[in-house]
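*Asks:* coords below, sequence missing:
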């Protein structure tokens, strides 16, 4: 595996380093970023900048809305930095260097915020990789359990946390809410490595589940595996919640509270690029820890040792995170009385729509319906391919440390490719327009996803090809699945999210707000759980994910076709609406 992955990581490191210099020369605009299995939209600087200026000119800045209901976002910003760029260019290289160094009052906020963001995403990458290793390689478990966890464990916990968080914000000071949310996470992850995992044989009810399994059909193996390995399932959910709660909710709420519009305009893009740097570093740390097993004495539980080092890093990074947060509270928030009254990002009044009202609104508007189909299709497609890929990963790497080492390289490669794609996305928007940019992600998922399924269905036919490449059919499927996930997620962050946000620009205020509310209530949940439900039905119907592969390939083709049709239809509606709006502005 090392001869395949190591050169890839090295090559991407060189490319991303070379491209980083060009990043500092790009005009600043709006961006949207998403990290791990959860989405975090920055909404301040994005590759869509030039295309938006062509289509909507300066007014587009104030119309872009953020779609992630879990993020605490602010209003979009207006402005064009072209004059500043020209001025800096005239000053020469030293002027350009001086221009990117923040003044002292901004550094006081920027540095601790950057430290917090790095620590949060460093932890999230470690937790995301570890949760998959635990559940997929657990006794009598596999990738088949993931759809069931997402539907019957993760979703109820997320709903429950929403209620608890609402009560905390009503009864506690805002700064204490941060501590009350973060500290329990760190306590749990520490306790898991130090107490729960070493005592898993005593805590997990293997005898009871074996008795139940003997009297139930084999199709119930996945749900029973969740109960059998309940502490691993709990870790899985807590790792998922870290991304939603700490990154999306707490961090961006704090950042929007203490930064001005001008500061956000200048520095939020750096957070987006920094997120991918955190992904690279944490991925390599996971790989380093997982490879420590080679130096351990015989009989030592290598994965338990690796888990201690991984959770130790999470605890240490969490301590730095809390220290940076305390610094911000003591040095910035408490000493700036204007911050309490200054409204940097006006709060949005988001309409609350019931499920029935959301469905009715979606059916009444073809524009919003097409936009919802884009969101639903992405969630279902990526889930269908990703779970099947993880099943192959377990076959190729049954040892937890080997599995974890591969996931470390996978995370690093994802960060590097996403870094590059975020820079290339601007060129795609400028030269080819919205339609082409919107079709890149479904094309990427369709081609690579079907290629991955083909290697599974026709593994015998692919054996000569794999042999010619110096690998096996199984490893070829694993590598194609990894490439599929990396390319799909990087295109999603750099192109799909900006396209989705641009689609709201020409809508009137009522359609914009009600449409986003409808997609929040129906589109996002259906996209996330739809793929899981399809896999659950197939697992119960045919017995396993491997047997369900041909059916999943057909379903993926059908979903991508719907996605293409919706994207093409929306592109025509979008361009028509933008033309009408530009004509109205010209008359005015």
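*Replies:* Nice, thanks for sending it over. Everything numeric here is computed off the predicted structure, so don't read it as measured data. Numbers count the residues shown, from 1 in each chain.

*Asks:* can you give me the offset of stretch 547-567 from its chain's centre?
*Replies:* Centroid separation for stretch 547-567 versus its chain: 22 Å, with Cα atoms, centre = their mean, to the nearest Å.

*Asks:* contacts for it?
*Replies:* 370-371, 373-374, 377-378, 380-381, 384-385, 388, 435, 438-439, 442, 445-446, 449-450, 453-454, 456-457, 534-535, 538-539, 541-542, 545 (Cβ atoms under 8 Å, 6 or more residues apart in numbering). Glycine gets a C-beta too; all of them are placed from N, C-alpha and C.

*Asks:* mean confidence for stretch 568-586?
*Replies:* Mean pLDDT, stretch 568-586: 76.

*Asks:* cool, stretch 486-493 as well?
*Replies:* Rounded mean pLDDT across stretch 486-493 is 86.

*Asks:* Check which residues of it are buried.
*Replies:* 486, 487, 488, 489, 490, 491, 492, 493 (16 or more other Cβ atoms under 10 Å).

*Asks:* From residue 441, how far out is the last one?
*Replies:* Taken as Cβ to Cβ, to the nearest Å, the spacing of residue 493 relative to residue 441 amounts to 10 Å.

*Asks:* now swap in the fifth one and tell me
*Replies:* According to Cβ to Cβ, residue 490 stands 10 Å off from residue 441.

*Asks:* wait, what's in contact with residue 197?
*Replies:* 231, 304, 307.

*Asks:* Low-confidence stretches in this structure?
*Replies:* In the prediction, the chain carries residues with pLDDT under 70 at positions 1-103, 261-262, 264-270, 272, 335-363, 509-510, 512-525, 581-588.

*Asks:* continuing past the helix or strand harbouring residue 123, what's the next helix or strand?
*Replies:* Using DSSP states H and E, residue 123 sits in helix 104-136. Following helix 104-136 in sequence order, the next helix or strand is helix 145-149 (DSSP H and E).

*Asks:* ok, residues contacting that following helix?
*Replies:* For helix 145-149, using Cβ under 8 Å, 6+ apart, the contacting residues are 135-136, 222-223, 225-226, 233, 236-237, 383, 387, 390, 531-533, 535-536, 539.

*Asks:* Would you mind listing the buried residues in that helix?
*Replies:* Buried-residue list, helix 145-149, by 16+ other Cβ under 10 Å: 145, 146, 147, 148, 149.

*Asks:* ok, of those, which one's closest to residue 504?
*Replies:* For the buried residues of helix 145-149, the minimum distance to residue 504 (Cβ to Cβ) is 30.8 Å, reached by residue 147.

*Asks:* residues near the nearest residue to that closest one once chain neighbours are set aside, how many?
*Replies:* Nearest residue to residue 147 in three dimensions, chain neighbours excluded: residue 532, at 3.6 Å (Cβ to Cβ, 6 or more residues apart in numbering). Other residues near residue 532 come to 23 when the count uses other Cβ atoms under 10 Å.

*Asks:* Look up how far residue 184 lies from residue 532.
*Replies:* The value you get for residue 532 to residue 184, if Cβ to Cβ is used, is 27 Å.

*Asks:* picking up where we left off before, can I get the contacts of residue 197 in a markdown table with distance to residue 407?
*Replies:* Below are the contacts of residue 197 laid out as a markdown table (distance: Cβ to Cβ, whole Å):
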| residue | distance to residue 407 |
| --- | --- |
| 231 | 20 |
| 304 | 18 |
| 307 | 14 |
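
*Asks:* Give me the buried subset of the residues you listed.
*Replies:* Buried, going by 16+ other Cβ under 10 Å: 231, 307, out of the contacts of residue 197.

*Asks:* Mind putting the contacts of residue 197 into a markdown table with secondary structure and distance to residue 322?
*Replies:* Output for the contacts of residue 197, formatted as a markdown table (DSSP: H, G, I helix; E, B strand; the rest coil; distance: Cβ to Cβ, whole Å):
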| residue | secondary structure | distance to residue 322 |
| --- | --- | --- |
| 231 | helix | 25 |
| 304 | helix | 27 |
| 307 | helix | 22 |
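
*Asks:* elements contacting the helix holding residue 123?
*Replies:* helix 145-149, helix 230-241, helix 252-258, helix 261-290, helix 302-328, helix 366-396, helix 400-457 (3 or more Cβ pairs under 8 Å, 6 or more residues apart in numbering; DSSP states H and E).

*Asks:* One more pass at 6 Å, please.
*Replies:* helix 230-241, helix 261-290, helix 302-328, helix 400-457 (3 or more Cβ pairs under 6 Å, 6 or more residues apart in numbering; DSSP states H and E).

*Asks:* And the contacts of the shortest one?
*Replies:* Read it as helix 230-241. 127, 131, 134-135, 138, 149, 153-154, 157, 188, 192, 196, 203, 226 (Cβ atoms under 6 Å, 6 or more residues apart in numbering).

*Asks:* one step back: mind giving me the ChimeraX command for buried ones among the contacts of stretch 547-567?
*Replies:* Restricted to buried positions by 16+ other Cβ under 10 Å, the ChimeraX selection for the contacts of stretch 547-567 reads:
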select :370,371,373,374,377,378,380,381,384,385,388,438,439,442,445,446,449,450,453,454,456,534,535,538,539,545
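
*Asks:* List the buried residues of stretch 419-432.
*Replies:* For stretch 419-432, by 16+ other Cβ under 10 Å, it's 419, 420, 421, 422, 423, 425, 426, 428, 429, 430.

*Asks:* cool, and stretch 168-176?
*Replies:* 168, 175.

*Asks:* Count the neighbours of the residue lying closest to residue 125 once chain neighbours are set aside for me.
*Replies:* Leaving aside its sequence neighbours, residue 125 sits nearest to residue 282 (Cβ to Cβ, 6+ apart; 3.7 Å). Counted with other Cβ under 10 Å, the neighbours of residue 282 add up to 28.
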